[in-house]
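*Asks:* Dropping a prediction and its sequence here:
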Amino acid sequence: WINYGFIILPGIIKSQLIDDYLELREKLRSKGVDLTGSSFVDYREIRELFCNPELTHHLGLLAGEEISLYIVFAHNLLSTERPWHQDQYLIGDSIYGSSVSAWISLGDVTEEQGPFQFIPGSHRFGILDYSKSSQYLSPEFRIGGEKGAMWSSYTHLITSVAYSRLLNDSKLETYSFTPSKGDVLISHPRLIHRAARPIGKAPRPGIIGQWTTLVSGIVDGKTNKDSKDHGLYWN
C-alpha cells in the first residue's frame, strides 16, 4: 500500500454475496429499474458487497480511521474505457488520502473485457488537480463558467495526455487486474489508472465503490450501518 498504492485481496468476497447482488440486478432490470451510484441506500445486497465485515476490516487498517461508503459505480458491468486519471483530482489536494476505492470482481475478468489497469507506485507522483489543470481551460469551462458543471470531463482531456506522455517518456510499467470471482483490488486515490478498451461488447463483471473519511466533509455526517460489524454508508 505504501510503496505501490494498491492491495489485492484474493477471494475475500463470498460467492453468495455476489450471487445475491447479481440476482437483485437482474430482477430490477426486468422491471426497468436502473441502479445508480447511491442505490446502496435502498438495497442491502449492494451494501453486503461493500460494507461486509471482512472488507470493512481491511479498509479500516489502510485508512487508519473509520470511513464511509459514499458512491458505487459500474452497475452496468461494462468497461467504462476511461483514460488515465487519478480519483483524487475530483476532490482536491487539501484532503489528501481521504478517499479509497475498491474494485470487486463479480466473476473472472480477462484482458479482452477491458480490465482495470494502473501504474504501480504512481500515487507518489503528486496530483494533477483542478488548480493545476484549470489554467488550460477556457473561462466558460471552469468552475463558475457557463459550462463549468462538467469541468471534470474537460480536464480529463488534459490529464490523460499528460499521463500518456509520462508513460511514453519513462520506463514505467502498467499492470492489468485480471481477477477471479470474489477478488478485490483496493487502490489509493492518487494511483494513476484507467479502464482498458474491451474487445467487442463482452460484459466486465466488476463493480467499484469509494469511501471517504468522516473528517473530509463529503458525507456530511449522514451515515448508517447494518450492524456493529458492518461498515458505514452515507445515507
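*Replies:* That came through fine.
*Asks:* if I look at the residue lying closest to P10 once chain neighbours are set aside, how far off is V215?
*Replies:* Of all residues not flanking P10 in the chain, D183 sits nearest, at 5.2 Å (C-beta to C-beta, 6 or more residues apart in numbering). Where you see a C-beta, it was placed from the backbone N, CA and C, and this is true even at glycine. Relative to V215, D183 is positioned 30 Å away (C-beta to C-beta, to the nearest Å).
*Asks:* So if I had to pick from the two, which one is more boxed in?
*Replies:* D183 (20 against 12; other C-beta atoms under 10 Å).
*Asks:* Quick one: residues contacting that one.
*Replies:* Neighbouring residues of D183 by C-beta atoms under 8 Å, 6 or more residues apart in numbering: 8-13, 104-105.
*Asks:* Out of these, which end up buried?
*Replies:* Buried positions within these, assessed by neighbour count (16 or more other C-beta atoms under 10 Å), are 9, 12-13, 104-105.
*Asks:* okay if I get those as JSON lines plus pLDDT and secondary structure?
*Replies:* Converted to JSON lines, the buried ones among the contacts of D183 look like this (pLDDT from 0 to 100; DSSP: H, G, I helix; E, B strand; the rest coil):
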{"residue": "L9", "pLDDT": "98", "secondary structure": "strand"}
{"residue": "I12", "pLDDT": "97", "secondary structure": "coil"}
{"residue": "I13", "pLDDT": "98", "secondary structure": "coil"}
{"residue": "I104", "pLDDT": "97", "secondary structure": "strand"}
{"residue": "S105", "pLDDT": "96", "secondary structure": "strand"}
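*Asks:* wait, which of these is closest to N3?
*Replies:* L9 (17.1 Å; C-beta to C-beta).
*Asks:* The closest one pairs with what?
*Replies:* Under DSSP bridges, the beta-bridge partners of L9 are V184.
*Asks:* shouldn't it be in contact with H58?
*Replies:* Yes - in this structure, L9 is within contact of H58 by C-beta atoms under 8 Å, at 6.2 Å.
*Asks:* Redo the contacts of D183 as CSV? Include distance to P83.
*Replies:* Converted to CSV, these look like this (distance: C-beta to C-beta, whole Å):
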residue, distance to P83
I8, 23
L9, 27
P10, 28
G11, 30
I12, 29
I13, 28
I104, 22
S105, 22
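*Asks:* closest to T174 among the residues you listed?
*Replies:* Nearest member of these to T174, counting by C-beta to C-beta, is I8, at 15.3 Å.
*Asks:* before we move on, back to that, among the contacts of D183, which one sits closest to R124?
*Replies:* I8 (18.7 Å).
*Asks:* that older thread, so for L9 and H58, which residues contact both of them?
*Replies:* What both L9 and H58 touch, as defined by C-beta under 8 Å, 6+ apart, is the set I186.
*Asks:* got a list of what I67 touches?
*Replies:* 59-60, 100, 211-214, 231-232.
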